Structure formats: C-alpha cells, structure tokens
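# Sequence and predicted structure are below.
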Amino acid sequence: MRATSITNREIWRIAYPIMLGNLAQTIITFTDTAFLGHLGTNELSASMMAGLYYFVFTTLAMGFAVGIQIFIARRYGEGEYKQIGVVFQHGAHFVFALGLLLFCILFFFSHRLLQIIIESNNIYVAANEYLRYRQFGIFFVVFNYLFRSFYVGISSTQVITFSTLIMAVVNIFFDWALIFGHVGLPEMGIGGAALASLLAEITAFCFFWIYTYFKIPHEEYGMFRWHKKEPQLLADLLKVAFPSMIQRLFSFGAWFIFFVMIEKMGETAIGVSSVVRSTYMILIIPGIAFSATANTLTSRIIGEGKSDEVMSSVWKVVKNSFLCSAVLVVVVAVIPHLVLQIYTDDATLAQAAIPSVHVICVATLLGAFSMTFFEAVSGTGNTTAAMALEFGILIAYIVYVFLMSKTSTIAGVWTAEWLYNISIGLISLLYIWKADWQKKRI
C-alpha cells in the first residue's frame, strides 16, 4: 500500500458540495416531518411510509447513476473527456425509459400494494393522499440523479450545492404555504407536503439543465450533441450499473421492510421511528458524502494508473468522514430533546424517541467507516461484488429486525443498524485489502 497523493483539501473539495447535495432529499424529508409532525402522528407516519415506498422506486435510478458516475470518473481520470458526453447521453436515454416504467408501476399498483403493506387504515388513507401528488416526481428524480453523477464524476460538485439550496427554498416555502393554506393557497395537509416536494424536484431538474447548458464546455465534454447509438457502450454501462441498481433496491427495500415491521408494532412505534429516521438522515449526510467521494476517487485513481494508492486514499476519506460525523453526533446525543422538538409537539412521543436516537448516534459513527469502504468497492468497477457482499448481510438484517420487533423495544429494533454497518464495513475492508480488483476494466 503506497501513501496516497490525494490531499485532505481535495477530499473536502469533492465531499462538501456532495454533503450539501445530499441535503436535497433529506431536506424534503426533514421539512415534511417538521411540518406534518405538528398536524398529527398519523400524518407524520403516513408521509414517512409513503415517502419510503416512493424512495424504493427511485433507488433503481440511483443505482444506475452510480454506474454512470464510475464510468465518467474513469474517463475523466484517463483524460478521455469527449467520451463523457457519450456516456451521459446513453444514460439519459436509459433513465427516461426507466422513469416511465417506474411511474406506471406507481400510478397503477400503489393503491393495492400499500393496502397490503400498511396495517393502520388511518395511515393507509393519508399515505395514498401523499402519493397522489408525489408519484409524478419520478420523471424528474431520475434525471436529477443522472446530473449529480455527472458532476461528481468530473469532480465539479459545486453545482450540487446550488441545486440543493434551490430545492430547499422551494420545498420549505410550499410546505408552509400548502400544508397550512398560507398566501392564498389551499390548505392541503399531507397532500400539500407531497406537492411541495414535487415542485422542488421539478425546480432542481430545470436548474440542472440550464446550468449544464450554459456552464459546461460542450465541445470539451461532448455534451448536447447527438452521438451515434453504441449498443456495446450501453451494454457495458448496464454491466456495471445493473448490480448497483439491484444492490440499492435490496438495500432500501430492506430499509422499507424495517419500517413495515415497526408499523405493525403500533401507531406510537411508527410515530417514534418517523422522527428518529428524520434525525438519522441528517446525521448520516457526511457519511454519504464522503462515501460518494471514496467511490469517485477510487475510480479516478485506478484510471490514472495508481491502484496501489486506493487503500491509503480510502482510509484518509474514512478519517475525514468520522471526524465530520462526530461533530453532529455529539450535538444530537447531548441535546436530543431539543432536536426532537423540531419534529413534534408531543412531549411523550419525543421522550419515547430518545433511546432510539442514542442508538442511531452510534450507528452514524459506524457508518462513517462502513459506507466509505463499501462505496470504494463499487468504485473499483466491480459492482457485482458489491451486490454480492451486501445481499447476505441484508438477509441477516431483515431476520434480526423481525425477531427484535417481536421481542424488544423500538430502540432494540434500531440496533439492526449496528449489525448492518459492522458487517458491511468489515467485509468491504477485506475485499479492498485482499481481492484481485486492480485488473478490472470498464
């Protein structure tokens, strides 16, 4: 293992805009939870269940975007800039078809699927109202993931910061206006939260297209040109991206099953977990950002012919991720009651959530290690290995959640995050350390 030539400054230059970019979906979750928590527990729980259900579908686009990001970062490292536009165009064609397929599933089948999944009739009715508006966002989300993968791949992540700020402003304003009926707009309750999220996603989509058209040098990157269809390139993209798509579908599907099992513990349990989940999504923002950084740096370093620097580079990213995550963890662990007051006026609900908050604080620190090494595995281009590594762990995760939901407290169920992070982190570390991934070509 050779010492890395990657500096802390370069790691942060890539990571901090991604950190802000990851706030996009988190801000939507945060603001929806914060506003709806003051309407009632049913609305809060329904927005979480419907939002997670919707998010499971978006993970396919997220997984494909990871494959695109790996290709773009590799071409960037090799200096083949014109090929980046070719890769992007083929990706755009695919995500358009994917978005259409996912919308059809959401539109025609969600009503019946949610009826099977959700036990409480009150939560089921509210969840359907939320999805009635939110489902249209799938067309825009798939392209937003594609644009983020492009900018992360070329290590120019500042634009993600701008898109996030725009999304945040739009979502917060329309949440306030549409949930409660301000500035002459109708009082829509949970439907208003969904419509606000849809408007935020559309705004981000428009911003990405406009920014890319006016700011990215078209000739250098081969953008906004009609490239000849290359079936082999699309096949190569899918070869890398498909395992990542399935892996993320499994991963977030397991996360959804986690909450389905908690919902069956009662409306209080799912209400507690709604605010805990929103807090957790804030805590893991640094971990997700630094893991994406590890992914693109790994692919780029390999493209530059410096494979022997991968391990030392990933460890450097882990250290930065841990330190950044620790700052948030300390704040939340010390004053959990103040944090939880953002989400709910119900003092009993907030008090019941505190033990679970302490559990996720530990999980966040474990995730700073596990997420970084796991994304480095994908960054080598061997996404099939990444999928295989996670599959067995997810089976154990679901079994653990099922057993704990029958025998333990809500906080006990949340310790499943410890099991997941420890397992995936150690296996990914062993893969980077021992496996023969250096010769992987994409």
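On my side now, so go ahead.
# and the nearest residue to Ser155 once chain neighbours are set aside, which of the three is it?
In space, Ser155 comes closest to Ile14 once its chain neighbours are excluded; the distance is 5.5 Å by CB to CB, 6 or more residues apart in numbering. Heads up, the C-betas are built off the backbone N, CA and C, glycines and all. Secondary structure state of Ile14, per DSSP: H, G, I helix; E, B strand; the rest coil, is helix.
# dump the residue contacts of Ile14.
Val152, Ser155, Thr157, Thr293, Thr296, Leu297 (CB atoms under 8 Å, 6 or more residues apart in numbering).
# and what of Ile284?
Ser325, Thr364, Gly367, Met371.
# hmm, 7 Å instead?
Neighbour list for Ile284: Thr364, Gly367 [criterion: CB atoms under 7 Å, 6 or more residues apart in numbering].
# Kindly provide the distance from it to Leu365.
For Ile284, the distance to Leu365 (CB to CB, to the nearest Å) stands at 10 Å.
# Surely Tyr280 touches Ile360?
Yes: judged on CB atoms under 7 Å, Tyr280 makes contact with Ile360 at a distance of 4.5 Å.
# quick one on the thing from earlier: look at the residue nearest to Ser155 and report its pLDDT.
Looking at Ile14, its pLDDT is 76.
# Distance of it relative to His218?
Separation of Ile14 from His218 (CB to CB): 23 Å.
# For burial, what's the neighbour tally of Val183?
9 (other CB atoms under 10 Å).
# Nearest spatial neighbour of it, chain-adjacent residues omitted?
Leaving aside its sequence neighbours, Val183 sits nearest to Ala177 (CB to CB, 6+ apart; 5.3 Å).
# how about the helix or strand that neighbour falls within: buried residues?
Secondary structure assignment for Ala177, by DSSP states H and E: helix 158-180. For helix 158-180, the buried set under the neighbour-count rule, 16 or more other CB atoms under 10 Å, comprises 159-168, 170-179.
# Could you pull up the contacting residues of Ile105?
Ile105 is in contact with Phe57, counting by CB under 7 Å, 6+ apart.
# Would you mind measuring from it to Arg112?
Ile105 sits 11 Å away from Arg112, going by CB to CB.
# quick one, longest helix in this protein?
In the chain, taking DSSP state H as the definition, the longest helix is helix 41-78.
# residues of it that come out buried?
Within helix 41-78, the residues scored as buried using 16+ other CB under 10 Å are 41-77.
# ditto for stretch 347-367
Buried residues in stretch 347-367, defined by neighbour count with 16+ other CB under 10 Å: 349-350, 352-367.
# Run the chain-centre distance for it.
20 Å (CA atoms, centre = their mean, to the nearest Å).
# Stretch 226-234 too?
28 Å.
# Please list the outside residues in contact with that stretch.
Residues from elsewhere that reach stretch 226-234, judged by CB under 7 Å, 6+ apart: Gly85, Val86, Gln89, His90, Phe94.
# make it 8 Å
Gly85, Val86, Val87, Gln89, His90, His93, Phe94.
# Which of those has the largest number of neighbours?
Highest count within those by other CB under 10 Å belongs to Val87, 28 neighbours.
# can you pull the pLDDT of that residue?
In this model, Val87 is scored at 89, pLDDT.
# Likewise for Ile442?
Reported pLDDT for Ile442: 57.
# Kindly report the same for Ser299.
You'll see Ser299 listed with a pLDDT of 79.
# Please list all residues in contact with it.
Gln69, Ile70, Ala73, Arg74, Gly77, Gly153, Gly379, Thr380, Gly381.
# so what's the fifth one closest to, chain neighbours aside?
Nearest residue to Gly77 in three dimensions, chain neighbours excluded: Gly303, at 2.6 Å (CB to CB, 6+ apart).
# how many neighbours does that neighbour have?
For Gly303, the tally of surrounding residues (other CB under 10 Å) stands at 20.
# what sits against it?
Residues counted as contacts of Gly303 (CB under 8 Å, 6+ apart) are Ala73, Arg74, Arg75, Tyr76, Gly77, Glu78.
# Just give the number of residues close to the closest residue in space to Thr33 that isn't next to it in sequence.
Spatial nearest neighbour of Thr33, chain neighbours left out: Ser278 (4.2 Å); criterion: CB to CB, 6+ apart. The local packing of Ser278 (other CB under 10 Å) involves 24 other residues.
# Could you measure from Ala289 over to Ile424?
With CB to CB as the criterion, Ala289 and Ile424 are 18 Å apart.
# swap in Leu185?
Taken as CB to CB, the spacing of Leu185 relative to Ile424 amounts to 44 Å.
# for Phe103, same thing?
Plainly put, Phe103 is 31 Å away from Ile424 if you go by CB to CB.
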